[in-house]
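[1] Below: sequence and its predicted model.
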Number of protein chains: 2
Amino acid sequence: MKLTILGCHSASPHEHKNPTAQLFDIKGHRFLIDCGEGTQVQLRKAKVSFVHIKHIFISHLHGDHFYGLPGLVSSFRLLGREAPLHIYGPKGIKEALTLLLKLANSSTNFPLHFHEIESKESACIFEDDGVVVHTIPLKHRVYTNGFLFAEKEGLRRINSEAAHAAGIDKSQFRLLQSGQDVEVDGVLVKNSSVTQNPHPPKKYAYCSDTAYLPAIISIIRDADWLYHESTFLQQHESLANQTQHSTAEQAATIARDANVGRLILGHYSSRYKNLDLFAQEAKTIFPNVLLASDGAVIS
Amino acid sequence: MKLTILGCHSASPHEHKNPTAQLFDIKGHRFLIDCGEGTQVQLRKAKVSFVHIKHIFISHLHGDHFYGLPGLVSSFRLLGREAPLHIYGPKGIKEALTLLLKLANSSTNFPLHFHEIESKESACIFEDDGVVVHTIPLKHRVYTNGFLFAEKEGLRRINSEAAHAAGIDKSQFRLLQSGQDVEVDGVLVKNSSVTQNPHPPKKYAYCSDTAYLPAIISIIRDADWLYHESTFLQQHESLANQTQHSTAEQAATIARDANVGRLILGHYSSRYKNLDLFAQEAKTIFPNVLLASDGAVIS
């Protein structure tokens, strides 16, 4: 897993303060998560080839998470993209992009697939051999989902030395990897004697934007990484409640109660000059805290 | 007149290559002309207070001239703007912005007035005591207008010394400024003996995007400044024809034939590394050429 923070600030873009967008690498995928204005420039700064982005996940249709998408899709077209593009986001996203293309008297020269989300329950929106993505219903001023990206459990890992000593031929390794016992010259070799458990599947939970919402804990439990918005510090808790955002303390409470590995904070309000205060506040509740910053790569 | 180039590159934004937007100061107005993605960051870099922008003119609904507008309008809202905002642009611009606001479950807390343009003829779209704005119908892949910003003729300028010598009281200056003769102790003083002609009204013609279109010459004739797109050099004339853009030579031909004061070039294709070639090519036709560059201020 590798996470590239393209933008991690709330509200309107400033020089050096980009609105939300992240690039998440997992099992050969490069998933784009949210796409605030200026995301295509941030992708270029990060030297990301546009053609490798095949799936874009949009949490909600506020501008600071979405207004870079029409331009990115236009750029894909200008660059002669042929590969299909899948866009996952709230109902309405198709109407918006389709209208903007129509007004530009334009159409994409690549297949553009919309996967509109309406469910209020966590739902599977993507699945292949290696990865599964579920929505995390959040609580904000407009219909919003976070996303839980999870590796599927891999194959059992063969202990080559033990397998060799047991006289197992390589042609039987697929059976071992899938958990089966094998026979060697009429003798059964127990799978567990020559294999180890697969690496535990990794999980990344992305939660922005949201008010404090303990209901997400059962969905994100034991995630390796949790990105949770922290627009405010606790001193402005009433503002957080009013705008349906979270404080750093609330984000850390979710991280602790969901037993995640690491908490990544972001979506800071521009009112705060010293972002270290977010980490300080969160660490009183949960120790493993990282502050997102534009351009940072986490792996 | 003062022109701030916020962005002058074609197609998709890159770091240090912003799509089209200009801020034009004339007679106390700060007009925003086009609004490609990233314009609000460019405005901040130029230290422009958002509240002074009351009129936005959009030439056409291609992304590189328009996709910064939804974010800018959102920012106006977030910043608590109360002043009315007027947006002039092709039919459809209201539907697009209204849909984006609706999907964000949002509304502006300031009056938002759309002035949709449909005419194929040059039309007056703004007028007050000091300035008048006409459309310049252009030829592009989608319905497009340039804009002609013109000062109205000012007051006659009083020669203070001559007026004093003729014994004219200051209370009569308004009459002189409006061109009337005045009486002093029963003696008529001819206006022309104590005043000079007003400063000639200034004009700025903005033409982007467009194929070579001599039909605009009669509209922009004698403009002090002409911004004319030059996406290509003459060596790629066939590409210019195909995409309905202009070459530097074509832009210069329009400037010469319209007898403008100064030609400002921009909207360069990213295929060219050496932009000086645009000036060189244009100067073979028309001498007073300036290359637009992001952040440049022309006055």
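    The structure has been received and is ready for your questions.
[2] What parts of chain A come near chain B?
    Residues of chain A lying close to chain B by C-beta under 8 Å from any C-beta of the partner chain are A:11-15, A:37-38, A:40-41, A:44-45, A:61-64, A:67-68, A:70-71, A:74-75, A:78-79, A:90, A:92-93, A:95-96, A:99-100, A:103-106, A:141-142. Every C-beta, even on glycine, is put in place using the N, C-alpha and C of the backbone.
[3] which of the residues in the helix or strand harbouring A:L6 are buried?
    A:L6 belongs to strand A:2-7 when assigned by DSSP states H and E. Residues of strand A:2-7 classed as buried by neighbour count (16 or more other C-beta atoms under 10 Å in any protein chain shown): A:3-7.
[4] cool, and stretch A:285-295?
    Those buried within stretch A:285-295 under the rule 16+ other C-beta under 10 Å are A:285-286, A:289-292, A:294.
[5] Among these, which one lies nearest to chain B?
    A:D294 (12.5 Å; C-beta to the nearest C-beta).
[6] Secondary structure element holding the closest one?
    Going by DSSP H and E, A:D294 is not part of any helix or strand.
[7] my read: it touches A:C8, true?
    Yes - with contact defined as C-beta atoms under 8 Å, A:D294 counts as touching A:C8 (6.0 Å).
[8] so what sits against both of those two?
    A:N18 (C-beta atoms under 8 Å, 6 or more residues apart in numbering or on different chains).
[9] Let me see the contact set for the closest residue to A:D224 other than its chain neighbours.
    Of all residues beyond its chain neighbours, the one nearest A:D224 is A:G261 (4.4 Å), with distances taken as C-beta to C-beta, 6 or more residues apart in numbering or on different chains. With contact taken as C-beta under 8 Å, 6+ apart, A:G261 is in contact with A:223-225, A:288.
[10] With A:I264 instead?
    A:I264 is in contact with A:3, A:225-228, A:289-292, A:298, counting by C-beta under 8 Å, 6+ apart.
[11] hang on, the earlier thing: pull out the buried members of the contacts of A:G261.
    Buried among those (16+ other C-beta under 10 Å): A:223-225.
[12] Please flag which of the residues you listed sit within strands.
    The strands, defined by DSSP state E, take in A:W225 from these.
[13] Need the pLDDT of the nearest residue to A:K283 once chain neighbours are set aside.
    Leaving out its chain neighbours, the residue that sits closest to A:K283 by C-beta to C-beta, 6+ apart is A:V289, at 5.3 Å. Here, the pLDDT recorded for A:V289 equals 98.
[14] ok, now the one 3 residues further on?
    The score at A:A292 is 98. That number is its pLDDT.
[15] Equivalent analysis for the one 3 residues further on, please.
    As summarised for this prediction, A:G295 has a pLDDT of 97.
[16] I figured it hits A:A46, correct?
    Yes - at 6.8 Å, A:G295 and A:A46 qualify as touching, with contact defined as C-beta under 8 Å.
[17] Overlap of the contact sets of these two?
    Common neighbours of A:G295 and A:A46 (C-beta under 8 Å, 6+ apart) are A:4, A:6.
[18] ok, now which ones touch the most centrally placed residue in chain A?
    In chain A, the C-alpha nearest the mean C-alpha coordinate belongs to A:Y206, at 5.0 Å (C-alpha atoms, centre = their mean). Shown in contact with A:Y206 (C-beta under 8 Å, 6+ apart): A:22, A:24, A:33, A:57, A:59, A:136, A:146-149, A:227.
[19] Sticking with it, tell me its helix or strand.
    Using DSSP H and E, A:Y206 falls in strand A:203-207.
[20] in the helix or strand just after that strand, what counts as buried?
    Next helix or strand after strand A:203-207 toward the C-terminus (DSSP H and E): helix A:217-220. Applying a neighbour-count criterion of 16+ other C-beta under 10 Å, one finds A:217, A:219-220 buried in helix A:217-220.
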